[in-house]
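Novice: What would the 3D arrangement of this be:
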Amino acid sequence: MVAFDSQITVRRTRYASEETGWAVIEAADADGAPLVLVGPLSHLEERERAHVVGTWVEDRRYGPQVKVSAATPLPPTDAATLTAYLVRVRRVGPRRAARLIDLYGTSGVLDAVDADPQAAFAAAGLGRAAAAEAAHSWERMRVTRRLHLMLAPHGLAYLVPRIHEALGDRAHREVSARPYELTSVFGVGFAIADQIARGLGRPIDPRERARAGVLHLLSEAERGGSTCLPLEGLLASLRELLGHLPGAPLLELPGELPGAPLHELPGELPGAPAGAGLIDTLSASRDVVRDGRWVYRRQTAELEAELAGRVNGLLCAPGSGRLRPRQAPDPPGTANDGDGLTGEQRTAVANALTHRLSLVTGGPGTGKTASIRAMATLGRARGARVLLAAPTGRAAIRMTEAAGVRAKTVHAALGWIPGEGPTHDADDPLPCDLLIVDETSMANLELLVTLLRAVGATTHVVLVGDADQLAPVGAGKPFAELIASGIVPTTRLTHIFRQAAGSMIVQGAHAIRRGKLPSFTLADGMRRDLFLIERADPIRARAEIVSLVAERLPAHYRLDPVTDIQVFAPVYRGELGIDALNQALRDALNPEGRPLRGGRLRLGDKLMMTGRNLHELGLMNGTLLRMLDEVEGSSEDDGALILGAEEGAIFRLAPEEAERLKLAYACSVHRGQGIELPVAVIVAHPAAGAFFLRREMLYTAVTRARMATVIVGTRDVLARAVRTPDTGRRHSRVADRLVAARG
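Specialist: Just a heads-up that it's a prediction; the model follows:
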């Protein structure tokens, strides 16, 4: 690539996104030659000069462009350009603009207004109200520019739109005054906030730095699945994160409660580690909650306590009269006949009709779906309004097909409105007498609390799932904890039905759940749908996976290799990591796809939406997509990426959101735990993070397939995985709270 480092003058903005800061502009270089710039440029104005650094790239559709990494505005040098800029401010016309230039000069007027907008406009002759209005207009005009100037030197210009959205039109002033508050902005971690704070050129407030460090560690723990951290571990991590600032040892920071040195703050446990008082200081200011040896972010502690309270409320409240046992027999053919149901399934149905809250858990082939169908059938036969829901669209489709009742995603059932949240809540509960939620093991703490808030005063709730699967993405593991508490009526389905019992996948999954290595030898009466292909050399193993996905499996099962087969791997790096597999699989499955977005994506690629959910589009984190087309932007239209999803759904995604699309020929089990496809290929190899492949991950991956699961790797890695449960890695205390409340 050829570097570009020059001054330019902006001629015209072709496209600019206020949400991301990404823009396409026409400009002239120092010699007046025309050129096109793409990148984080929305802060630049037409006719403005800037110093731009980037690289020349060749776009197959648009020709040569400069891909910009940094663009620093240069101050105007003539009064005419300054006047044209200043008159864009409300209440500032040519006369006031000229007055400002006279007062502060062409080289200093912008800085003078930036320093104190209201005072500057008042000095130019505006009255108090008009000066305030002009100052507000100025802040709106300058915020992205000032943020860019503040962040671009650190390579952080891409954060400007997020920070502006989160902090508003005074974002640049907020960042300058309190840089560590940036840790509350999505995508800005402690390291970035610390980098910005150090770049401001003034002494760092150790109290704010320590507070930001604690909140960062708790937020990172939540991203890893925990709702809280033990005090000792939190403080140890804090020492490692912060180190020591000159003159301010970590645990002797100022800022304690009035009259109480840190080491004498109330609430410390006997023998608590030094620094516990720091946490108590933050607790007193309501930044965190300390419950004995456990520390939470306040919002998460409140959610966990709310879940325990709502569960206890359901267990103690009377149920719907429509679901009570009737004197007259139920109509023939309903679940009450017991036809085809085991005793365990009848117990699950009885619990659903008797208790306001009940749980059903079981592995593959144990009849969870039949139990749901029986509950729904009997509930409707008794005149009850039945609502079926699941966390993902794919799970809702399966639920609909199996139960004969239309199921919705949890978000659709709640009537989620983008930017506002759910329509249904405690004031407007879900219109049903019986709510059955499948795949509840995928629901994290926040989702389950949001759902239970919308449960009516007499509605019965049945949560169905597999407690042995991976814990959900996000904080908490509420389904598993409700079962572990022993307080909520729970049915464990253990009987494997005959049709499922003939599947090696089902038998292998149950062996894994028990900590045993599955059998790969075909026995009499079994269906061969579970395979192990041993390849010790990682390069040969990768070639084997590509051959399986691109040729042999599609030919044998008559499947589409992109839409019907999913590869799962434990880690991203290495010869058998997700990144290398995605590249190799794309080269085999989509070699001629037209490059998009600078070549990172191709037309026809298999992709996955990552990051936050886009409720306004119905696109959730983990959704599998196919790149169908790219629509070029114009002056009237921003352009779009056209993406296809399951069941023929089509989505238009803004081009700047492309960074959230990741290749998905291969993915992690965590990202793909909601996927169910005909064939799964699982990597279990020493070169693919064998340490990270654990029992729950393997169990979940094996059960993603309906027709066949193929494991490529070594038997030793498999044996280690089934022996290693994923215990102690996720802290959550719903069960403790329930037990304490009942005791």
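
Novice: which residues does Ile372 contact?
Specialist: 388, 399, 402-403, 436, 438, 462, 464 (C-beta atoms under 8 Å, 6 or more residues apart in numbering). Placement of C-beta: from N, CA and C, glycine included.

Novice: Helix or strand: which one has it?
Specialist: Per DSSP states H and E, Ile372 falls inside helix 368-381.

Novice: Tell me the buried residues in that helix?
Specialist: Neighbour counts over helix 368-381 (16 or more other C-beta atoms under 10 Å) mark 368-381 as buried.

Novice: Going by distance to Gly525, which of these wins?
Specialist: Checking the buried residues of helix 368-381 against Gly525 by C-beta to C-beta gives Ala370 as the nearest, at 21.7 Å.

Novice: Now the closest one. Nearest residue, chain neighbours left out?
Specialist: Gln345 (6.4 Å; C-beta to C-beta, 6 or more residues apart in numbering).

Novice: where does the residue lying closest to Gly365 once chain neighbours are set aside land on pLDDT?
Specialist: Leaving aside its chain neighbours, Gly365 sits nearest to Ala500 (2.6 Å; criterion: C-beta to C-beta, 6+ apart). The per-residue pLDDT reported for Ala500 equals 73.

Novice: next helix or strand past the helix or strand Ala500 falls within?
Specialist: Ala500 belongs to helix 498-501 when assigned by DSSP H and E. As assigned by DSSP H and E, the chain's next helix or strand after helix 498-501 is helix 504-513.

Novice: on contacts alone, who are the packing partners of the helix or strand harbouring Met707?
Specialist: Here Met707 sits within strand 705-713, counting by DSSP H and E. On a contact count with 3 or more C-beta pairs under 8 Å, 6 or more residues apart in numbering; DSSP states H and E, strand 705-713 meets helix 504-513, strand 530-534, helix 538-547, helix 553-557, strand 677-684, helix 695-702.

Novice: and of these, who's closest to His164?
Specialist: Ranking those by proximity to His164 (C-beta to C-beta) places helix 695-702 first, at 38.7 Å.

Novice: quick one on the thing from earlier: surely the residue nearest to Gly365 meets Lys368?
Specialist: No. The pair Ala500 / Lys368 is not scored as a contact, 11.0 Å apart, by C-beta atoms under 8 Å.

Novice: how about the nearest residue in space to Leu100 that is not next to it in sequence, what does it touch?
Specialist: Nearest residue to Leu100, sequence neighbours excluded (C-beta to C-beta, 6+ apart): Ala124, at 4.9 Å. Contacts of Ala124 were listed using C-beta under 8 Å, 6+ apart, and they are 92, 96, 99-100, 103.

Novice: One more pass at 10 Å, please.
Specialist: By C-beta atoms under 10 Å, 6 or more residues apart in numbering, the contact set of Ala124 is 86, 91-92, 95-104, 109, 113, 131, 134.

Novice: Check Gly604 too.
Specialist: So Gly604 contacts 562, 586, 589-594, 626-629 (C-beta under 10 Å, 6+ apart).

Novice: Can you mark which positions in the helix or strand hosting Leu241 are buried?
Specialist: Using DSSP H and E, Leu241 sits in helix 231-242. Neighbour counts over helix 231-242 (16+ other C-beta under 10 Å) mark 231, 234-235, 237-238, 241-242 as buried.

Novice: Stretch 535-549 too?
Specialist: Result for stretch 535-549 [16+ other C-beta under 10 Å]: buried residues 535, 538, 541-542, 544-546, 548-549.

Novice: Quick one: those as TSV, columns for pLDDT too.
Specialist: Below are those laid out as TSV (pLDDT from 0 to 100):
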residue	pLDDT
Arg535	93
Pro538	93
Ala541	94
Arg542	95
Glu544	95
Ile545	96
Val546	96
Leu548	96
Val549	95
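
Novice: now for those residues, which pair is the farthest apart?
Specialist: Spatial extent of these (C-beta to C-beta) is set by the pair Pro538 and Val549 at 16.5 Å.

Novice: Run through the stretch 151-300 of the chain and note the low-pLDDT ranges.
Specialist: 152-155, 157, 186-187, 244-275 (pLDDT under 70).

Novice: hmm, 80 instead?
Specialist: Under the criterion of pLDDT under 80, the regions of the stretch 151-300 of the chain flagged as low confidence span 151-162, 164-166, 168-170, 172, 174, 177, 181-189, 199-203, 243-277.

Novice: Just to check, Phe691 is in contact with His685?
Specialist: No. Contact criterion C-beta atoms under 10 Å: Phe691 and His685 do not qualify, at 11.9 Å.

Novice: quick one: common contacting residues for these two?
Specialist: Common neighbours of Phe691 and His685 (C-beta under 10 Å, 6+ apart) are 570, 717.

Novice: Those two: which is more packed in?
Specialist: His685 (29 against 12; other C-beta atoms under 10 Å).

Novice: Could you list the single helix or strand in the protein with the lowest mean pLDDT?
Specialist: Lowest by mean pLDDT, DSSP states H and E among the helices and strands of the chain is helix 498-501, with a mean of 72.

Novice: mind listing what's buried in that helix?
Specialist: Ala500.

Novice: and that helix, how far from the chain's centre?
Specialist: 37 Å (C-alpha atoms, centre = their mean, to the nearest Å).

Novice: what do you get for stretch 137-155?
Specialist: 27 Å.

Novice: tell me which residues of that stretch are tucked away?
Specialist: For stretch 137-155, the neighbour count (16+ other C-beta under 10 Å) marks 137-139, 141-152 as buried.
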